[in-house]
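[1] can't give you the sequence, but here's the structure:
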């Protein structure tokens, strides 16, 4: 094995293009040993696509060490798909519809493992898992790689002297799976949504009795999430029927985004194996259910001195850096909504007096605003809680949008204005009413076109335009939540 390993190191795709750091090379050697020590039989190689959905291939364990270094081929058409898994670019034309010769004809791209992300899956027998970055066969990064886009944003933030710290507060719906709808007639495109029932009734927010009713299921998920090494902090029963929330301790850099994609995938896989169903769709088309959000907690850590850069030493709740960063989030809120709330369904959540935001405003410890400022002068845990997002958001794009918006606020020394203590009566810029409005704001936002690149913004907007066009053609636009949305999002997210 050692001689074979050295051969791979010398000739591999990773080595030829210098794609691993020294730390990743060391981590890869540890993965080689772990595959043997755990007697694994397969390893899943996965990447997060443009929607934040994990896609990949399963590799036999005796091939995994080599494939980590040589890469795993995937089809570039995966990057052309909307939320119905339909290709919306003419991939067999010149440039594949992307203006990129590497994308023509459904050519291959390469998944390159990030060895530091390796885990043994506790619910799948003798199975390992590893998260990948994606490259063209010539070694160039794929410009539509959302994980790489987040890494680019973090690098720009580092150049400004800061690291990003993010904590997750994620709501979702948990059901009993009654009928997975596996008859051939149900295999439409997208498929018919499964039939589900509740494990407990709702409207007893945070009561111990409701929690205990669903505790057998939550305990199953808790054990698996902890066994994965995700930094779980709490399990909570929310207000609506079937509505739950998991929160996670803050982590730096890419870690929280990586955790989010793995958490969502893990929850859905464990649920199906045990007769449950988990959905991160914001507002399912089921009676009496409430909307779910994803509240993103964030702060900046100074690279010099390692202190929280948002902590105020005066009377204000935020430092000047924190106020400018906050102002950037407010200034770019309408465009950022396209990343934070990327589905047609998610905009059904923006309703007054519903613990969800309707306007681009902030407030001190106020759950009706878009950005809730938490902390006090001198408090090392001072942070911003952005309540804009839905749980189906691609975490790499959501977090990158926060970084670019915050950096713009810092660069221009923007002022966020006063705390909105009556958020639903405050006269301020409204959040988009729908995904089309958010995409229009995104297309016009110079900050995001500079940060993400104009090519990516146009690519992303085109995919979402196709989603909207199908909805307008086939959906019931007058419904509170349509059956089109239920088919499109309920099982995917």
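    In hand now; what should we look at? The structure presented is a predicted model; accordingly, all values stated were derived computationally and were not measured.
[2] ok, and what's touching stretch 331-340?
    Contact partners of stretch 331-340, identified using Cβ atoms under 8 Å, 6 or more residues apart in numbering, comprise 296, 329, 360, 370, 386, 388-390, 393-394, 397-398, 400-402, 404-405, 408-409, 414, 429, 431-432, 435, 437-439, 441-442, 444-445, 447-448, 460-461, 464. Just so you know, the C-beta spots here come from the backbone N, C-alpha and C atoms, and that holds for glycine as well.
[3] what sits against residue 381?
    Residues in contact with residue 381 (Cβ under 8 Å, 6+ apart) are 308, 374, 375.
[4] I meant residue 247, not that one.
    Contacts of residue 247 by Cβ under 8 Å, 6+ apart are 167, 168, 169, 170, 232, 233, 234, 236.
[5] what do you get if the cut-off is 7 Å, keeping everything else the same?
    By Cβ atoms under 7 Å, 6 or more residues apart in numbering, the contact set of residue 247 is 168, 169, 233, 234.
[6] buried members of those into PyMOL, please.
    Buried residues among these (16 or more other Cβ atoms under 10 Å), as a PyMOL selection:
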select buried, resi 168+169
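[7] redo the contacts of residue 247 as CSV? Include distance to residue 140.
    As requested, these are exported to CSV (distance: Cβ to Cβ, whole Å):
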residue, distance to residue 140
168, 32
169, 36
233, 39
234, 42
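[8] quick check, nearest of the contacts of residue 247 to residue 94?
    residue 168 (41.9 Å; Cβ to Cβ).
[9] tell me who's in contact with the most centrally placed residue in the chain.
    The centroid of the chain falls nearest to residue 395 when counting by Cα atoms, centre = their mean (2.4 Å). If you count contacts by Cβ under 7 Å, 6+ apart, residue 395 has them with 52, 257, 260, 261.
[10] other SSEs contacting the one helix or strand the third one maps to?
    Element membership of residue 260, judged by DSSP states H and E, is helix 255-273. For helix 255-273, the contact count by 3 or more Cβ pairs under 7 Å, 6 or more residues apart in numbering; DSSP states H and E identifies strand 162-179, helix 208-227, strand 276-279, helix 395-411 as packing neighbours.
[11] next secondary structure element downstream of the first one?
    This points to strand 162-179. Note on strand 162-179: by DSSP H and E, the next helix or strand toward the C-terminus is strand 195-197.
[12] which residues are contacting that following strand?
    For strand 195-197, contacts defined as Cβ under 7 Å, 6+ apart pick out 175, 176, 177, 178, 179, 181, 277.
[13] and it, which strands flank it?
    Paired with strand 195-197 in the same sheet, following DSSP bridges, are strand 162-179 (antiparallel).
[14] mind listing what's buried along the partner strand?
    162-177.
[15] try stretch 68-82
    68-72, 74, 76-82.
[16] out of the residues you listed, which sit inside strands?
    Assigned to strands by DSSP state E, the following of the buried residues of stretch 68-82 qualify: 72, 74.
[17] between the buried residues of stretch 68-82, which is nearest residue 304?
    Nearest member of these to residue 304, counting by Cβ to Cβ, is residue 68, at 35.0 Å.
[18] pretty sure the closest one sits against residue 115.
    Yes - counting by Cβ atoms under 7 Å, residue 68 touches residue 115, with 6.4 Å between them.
[19] report the set of residues contacting both of those two.
    Shared contacts of residue 68 and residue 115, defined by Cβ under 7 Å, 6+ apart, are found at 28, 31.
[20] any of the contacts of stretch 331-340 buried? List them.
    Buried positions within the contacts of stretch 331-340, assessed by neighbour count (16+ other Cβ under 10 Å), are 296, 329, 360, 370, 386, 388-390, 393-394, 397-398, 400-402, 404-405, 408-409, 414, 431-432, 435, 437-439, 441-442, 445, 447-448, 460-461, 464.
[21] quick one: residues contacting residue 269.
    residue 123.
[22] do that again at 10 Å, thanks
    With contact taken as Cβ atoms under 10 Å, 6 or more residues apart in numbering, residue 269 is in contact with 54, 121, 123, 124, 224, 278.
[23] and if you look at residue 462?
    Residue 462 sits in contact with 80, 82, 88, 89, 97, 98, 439, where contact means Cβ under 10 Å, 6+ apart.
[24] hmm, back to that, out of the contacts of residue 247, who's nearest residue 282?
    Using Cβ to Cβ, the contacts of residue 247 come closest to residue 282 at residue 169, 14.7 Å.
[25] what does the pLDDT read for the closest one?
    We note a pLDDT of 97 for residue 169 in this prediction.
[26] before we move on, what about residue 3?
    pLDDT, read off for residue 3, is 37.
[27] start the count at 54, not 1, going forward
    Right, with 54 as the first residue, what we last looked at is residue 56.
[28] quick revisit: make CSV out of the helices and strands packed on helix 308-326 and add distance to residue 68.
    Listed next are these as CSV, based on distance: least, Cβ to Cβ, whole Å:
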stretch, distance to residue 68
strand 215-232, 29
helix 261-280, 33
strand 329-332, 40
helix 448-464, 26
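[29] and residue 185, that's in a strand?
    Yes - assessed by DSSP: H, G, I helix; E, B strand; the rest coil, residue 185 belongs to a strand.
[30] just the ones of the contacts of stretch 384-393 in helices?
    Mapping those onto helices (DSSP state H) picks out 382, 450-451, 453-455, 457-458, 461-462, 488, 490-492, 494-495, 500-501, 513-514, 517.
[31] show me this protein divided up by domain.
    Per the record, the chain has its domains at 55-195, 206-542, by automatic domain parsing.
[32] quick one: end-to-end distance for the last one.
    Okay, so that is domain 206-542. 28 Å (Cα to Cα, to the nearest Å).
[33] nearest to residue 146, out of the helices and strands packed on helix 308-326?
    helix 448-464 (26.6 Å).
[34] so that closest one versus helix 488-496, what angle?
    50 degrees (axes from the mean of the first three to the mean of the last three Cα atoms, to 10 degrees).
[35] what about helix 448-464, average pLDDT?
    Rounded mean pLDDT across helix 448-464 is 98.
[36] cool, and stretch 368-388?
    Per-residue scores along stretch 368-388 average to 97.
[37] give the buried residues for it.
    By neighbour count on 16+ other Cβ under 10 Å, the buried set for stretch 368-388 is 370-372, 374-388.
[38] might one say that residue 280 is in contact with residue 177?
    No - counting by Cβ atoms under 10 Å, residue 280 does not reach residue 177; the two are 11.5 Å apart.
[39] helix, strand or coil: sort out the spatially closest residue to residue 293 that is not a sequence neighbour for me.
    Of all residues not flanking residue 293 in the chain, residue 343 sits nearest, at 3.2 Å (Cβ to Cβ, 6 or more residues apart in numbering). Secondary structure assignment for residue 343 (three-state DSSP): coil.
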